[in-house]
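**Student:** following is a predicted model, sequence given first.
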Amino acid sequence: MSEYILDSGIQFLPGVGPKRAEMLGKELGITTIKDLIYTFPFRYVDRSRFYAVSEITDCNAYVQMRGTVRNKTISGTGSKMRLVVLFSDGTGNIELVFFKGIKWTDQKINVGSEYIVFGKPSQFNDRINFVHPEIEPVSSAAAGTRMPMTGVYSSTEKLTSYGITNKVFVGMQQKALSMVSGRIAETLPDWFLRGKHLMPLSAALFNIHFPADLQSLEKARERLKYEELFYLQLSLVKQKYIKMREAQGILLPRIGDAFNYTYSHLPFPLTGAQKRVLKEIRADMTGGKQMNRLLQGDVGSGKTLVAILTALQAVDNGYQARIMAPTEVLANQHYNGVFKFIDPGKVKVALLTGNTKTKERREILAGLADGTVDIVFGTHALLEDRVQFANLAVAVIDEQHRFGVDQRSKLWSKSEIAPHILVMTATPIPRTLAMTLYGDLDVSVIDELPPGRKPIVTTHVGENQRKKVYDFMRREIDAGRQVFVVYPLIKESEKMDYENLEQGYLNITEEFKPPQYITAVVHGKQTPENKAFDMDLFARGKAHILVATSVIEVGVDVPNASVMVIESAERFGLSQLHQLRGRVGRGAEKSYCILMTSYKLSAESRERLDLMCRTNDGLELAEADLKMRGPGDFEGTRQSGMSIDLHIANLTKDSPMLEDARRTAQDILMDDPTLSSPRNALLAKNLKEIRNEIKDYSKIS
Ligand code: ADP
Ligand code: MG
């Protein structure tokens, strides 16, 4: 029954009632006692120590002092009236100033007596003083049962106006905790707490609100964070193990003509990282279990080739492969690019998108169904029910962050035997986030770019230097290179964005006149034919400039392009900017990325752009992005439909703890994959509850 009390409505807490309960629900989402108790302070006022007057600066937060009142004076009249108290502790003097409740305060304070003063120092006329501090005689303060540290909770204006001040909130916590005291069910087994030196839950909940001292607060936070990270990992690792156990993998042991032809005709040697990843994939495909692998590699690291070599292993064993891209442009590029690598007489490839003509589509569908098409490239269209394979063994998704989890699971639900899954992403995902977002996948990393790539020179320029930028573009074009010019496209401002793009296109064609210069344009409002035509023009080197929306962000490969101009660069996130920049620097030529912005920039935008100019390291940028924007906004987490709404832990700051939690979850599940031993009963029970919570959450959002 102990759970029951935590689940009771907040209105039943003495002093709350229906009105305040409604307010708490609306403003902070608190509807039960449990919600209240799990609303933690975001900082604390430390009353565990006394400050000396001499050490106080106006930088201090709230501080507490102990000393004697030397004198007090009332000056002014009416609204100008004030009481100034001179307070001293032997190390120095400081003024306490009161504008309100002067009479009452004046009566309370006796010159020569000892007091405890608590407040926030401020600077006034080059002097430090305290305005309206709390002041209590030493004797009564010592007798009180006040906690040394008091929590400060986030609040809203509405709540305060309803009388729910921080003091009231603290009181509510006190009541709630005494109400549930002794009735909070522990959520981690005893052996676990002892092994990890963690504080029991009830003590942790008490100490997070009313810490006895700094150390207890630390222990309380550690316990609550660890629990949060641990159950998340336990859930993910368990799903992974279930998949591993249940999903029989198609065996692809043979290396044959298809693979060998490509391997021996490569125009360049594979990088060490590509080789290593191929080995990891090969081990999966010959091991009897279904592969579920995330392939992470910075832009230009050569993931496509890994995908093709993986697909060819299916072909050599008499199976089919499917390589899916998020956009039409990319699918086209994959398809057109593959002929450089394969033997078209031996391996039959096809392209299937939403725009494939009916007759051709019919032929491709028939070829997939009877097994004559070996590798099919395409878009979402490949997920339609009418697409049936004779014997699909490998499914690759490129640029995973464009696909939702739903689509990922759809990849194998309709096949009779699950194909091996390779998910590729160029968005370098910080390890901690990958562990959580893709915790059910194995991860391979291509951490090496093909040799000879020169670092891209990135500069940030203002609108007033547009002329210079055009001159620079002209020099590069005249030297035989090509240029991207990219405009942001955001749903909310779509109409204006298109106008900007159109205007930009006009300006460029005005500046770079045909027929000497050819400018192609690609955006979402074109017919697919026009889009493909212009894209192709640029890809084949027939157009010098490509004006585009961020559709080209993912994957387009034009090695001869050496300049990337990004318009309104401040409107892109770091990861997106890095993706765009990755479109150049693919050939041997020195490449440039020019970030154009207007003059007015927020400090954060400036910081982002500076970082872009400083580093080419995608992982460093992704980590900075994660820090600046938080995982909720991290590219891909939204679209992936998985909400990482952590309560107290932080994926970036608590990464060592996260790794420990993951290892611990792995160890436990290794010994007891179903969590059915009595020793793990509590874990199994809580895991079930947490899963339900996650599910409910996803339904809401
Ligand atoms: P991404 O990982 O961003 O998808 P791509 O697969 O598009 O990268 O590869 C980028 C370019 O590098 C392509 O032109 C590709 O042919 C080339 N490439 C791939 N592997 C190598 C390698 N080992 N050495 C040299 N160039 C390579
Ligand atoms: Mg790619």
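**Tutor:** Sure thing, it's come through. Keep in mind that what you see is a predicted model, and the values were worked out from it rather than measured. Residues are numbered from 1 along each chain as shown. Ligands and ions are numbered 1, 2, ... in the order given.
**Student:** for ligand 1, what are the nearby residues on this protein?
**Tutor:** Residues of the chain lying near ligand 1 by Cβ under 6 Å from any ligand atom: 268, 270-271, 274, 297, 299-305, 426, 450, 555, 557, 559, 586. Backbone N, C-alpha and C define where each C-beta goes, glycine included.
**Student:** just the buried ones out of these, please.
**Tutor:** Buried residues within the residues of the chain next to ligand 1, defined by neighbour count using 16 or more other Cβ atoms under 10 Å: 270-271, 274, 297, 299-305, 426, 450, 555, 557, 586.
**Student:** other SSEs contacting the helix or strand harbouring residue 497?
**Tutor:** Per DSSP states H and E: residue 497 is located in helix 494-511. Under the contact definition 3 or more Cβ pairs under 8 Å, 6 or more residues apart in numbering; DSSP states H and E, helix 494-511 sits against strand 482-487, strand 519-522, strand 545-549.
**Student:** low-confidence stretches in the stretch 601-701 of the chain?
**Tutor:** Residues of the stretch 601-701 of the chain meeting the criterion pLDDT under 70: 629-645, 691-701.
**Student:** helices of that one, start to end?
**Tutor:** For the stretch 601-701 of the chain, the helices defined by DSSP state H, counting those that start in this stretch cover 603-614, 618-629, 655-671, 681-700.
**Student:** just the angle for the helix ranked longest in the chain relative to helix 655-671, thanks.
**Tutor:** Identified as the longest helix of the chain according to DSSP state H is helix 214-246. Angle, helix 214-246 to helix 655-671, by axes from the mean of the first three to the mean of the last three Cα atoms, to 10 degrees: 40 degrees.
**Student:** check which helices and strands helix 214-246 sits against.
**Tutor:** helix 201-209, helix 431-437, helix 655-671, helix 681-700.
**Student:** can I get those helices in TSV with mean neighbour count?
**Tutor:** Converted to TSV, these look like this (neighbours: other Cβ atoms under 10 Å):
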stretch	mean neighbour count
helix 201-209	21
helix 431-437	21
helix 655-671	17
helix 681-700	13
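**Student:** make a markdown table out of the ones you listed and add distance to residue 361.
**Tutor:** Shown next, in a markdown table, are the helices and strands packed on helix 214-246 (distance: least, Cβ to Cβ, whole Å):
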| stretch | distance to residue 361 |
| --- | --- |
| helix 201-209 | 59 |
| helix 431-437 | 34 |
| helix 655-671 | 45 |
| helix 681-700 | 34 |
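**Student:** hmm, back to that, in the helix holding residue 497, what's buried?
**Tutor:** 497-498, 500-501, 504-505, 508-509, 511.
**Student:** now residue 55. Nearest residue, chain neighbours left out?
**Tutor:** Closest residue in space to residue 55, ignoring its immediate chain neighbours: residue 91 at 7.6 Å, by Cβ to Cβ, 6 or more residues apart in numbering.
**Student:** so which of the residues of the chain next to ligand 1 sit within strands?
**Tutor:** Among the residues of the chain next to ligand 1, the members found in strands (DSSP state E) are residue 297.
**Student:** phi and psi next, for the closest residue to residue 250 other than its chain neighbours.
**Tutor:** Once flanking residues are discounted, residue 250 sits nearest to residue 393: 4.6 Å by Cβ to Cβ, 6+ apart. Backbone torsions of residue 393, given as degrees, to the nearest 10, read phi -120, psi -20.
**Student:** which residues does residue 393 contact?
**Tutor:** Residues in contact with residue 393, defined by Cβ atoms under 8 Å, 6 or more residues apart in numbering, are 250, 252, 314, 317, 319-321, 419-420.
**Student:** and if you look at residue 38?
**Tutor:** By Cβ under 8 Å, 6+ apart, the contact set of residue 38 is residue 647.
**Student:** how about the one 10 residues further on?
**Tutor:** By Cβ under 8 Å, 6+ apart, the contact list for residue 48 reads 148-149, 213-214.
**Student:** burial count for residue 76?
**Tutor:** Residues lying near residue 76 (other Cβ atoms under 10 Å) number 11.
**Student:** hmm, residue 66 and residue 138 touching each other?
**Tutor:** Yes: between residue 138 and residue 66 there is a contact under Cβ atoms under 8 Å: 6.8 Å.
**Student:** between those two, which contacts overlap?
**Tutor:** 114-116.
**Student:** mind checking which of the residues you listed are buried?
**Tutor:** The buried subset of these (16+ other Cβ under 10 Å) comprises 115-116.
**Student:** let's see which of the shared contacts of residue 138 and residue 66 end up in strands.
**Tutor:** Using DSSP E, the members of these that fall in strands are 114-116.
**Student:** contacting residues around the residue nearest to residue 247 when sequence neighbours are not counted?
**Tutor:** Leaving aside its sequence neighbours, residue 247 sits nearest to residue 290 (Cβ to Cβ, 6+ apart; 3.5 Å). Under the criterion of Cβ under 8 Å, 6+ apart, the contact list for residue 290 reads 243-244, 247-250, 412, 418-421.
**Student:** how about a cut-off of 6 Å?
**Tutor:** 247, 249, 418 (Cβ atoms under 6 Å, 6 or more residues apart in numbering).
**Student:** residue ranges with poor pLDDT in the stretch 51-200 of the chain?
**Tutor:** Ranges of the stretch 51-200 of the chain meeting pLDDT under 70: 59-60, 140-147.
**Student:** one more time with 90, if that's ok
**Tutor:** Across the stretch 51-200 of the chain, the ranges flagged by pLDDT under 90 are 51, 55-64, 76-80, 99-105, 108, 116, 118-128, 132-152, 154-167, 181-184.
**Student:** taking it, what residue is nearest to ligand 1?
**Tutor:** Residue of the stretch 51-200 of the chain nearest ligand 1, by Cβ to the nearest ligand atom: residue 196 (39.9 Å).
**Student:** can you count the residues close to that residue?
**Tutor:** 16.
**Student:** for it, which non-adjacent residue is spatially closest?
**Tutor:** Per Cβ to Cβ, 6+ apart, closest to residue 196 is residue 226, 6.7 Å.
**Student:** who does residue 460 form a beta bridge with?
**Tutor:** Listed beta-bridge partners, residue 460: residue 595 (assigned using DSSP bridges).
**Student:** and what of residue 97?
**Tutor:** For residue 97, the beta-bridge partners under DSSP bridges are residue 84, residue 131.
**Student:** wait, it sits on residue 132?
**Tutor:** No: counting by Cβ atoms under 6 Å, residue 97 sits too far from residue 132 to count as a contact (7.5 Å).
**Student:** still on that earlier bit, would you reformat the helices and strands packed on helix 494-511 as TSV and include mean neighbour count and mean pLDDT?
**Tutor:** Listed next are the helices and strands packed on helix 494-511 as TSV, based on neighbours: other Cβ atoms under 10 Å; pLDDT from 0 to 100:
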stretch	mean neighbour count	mean pLDDT
strand 482-487	25	96
strand 519-522	22	94
strand 545-549	25	93
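**Student:** those strands: which one's closest to residue 334?
**Tutor:** In terms of Cβ to Cβ, the element of those nearest to residue 334 is strand 519-522, at 16.7 Å.
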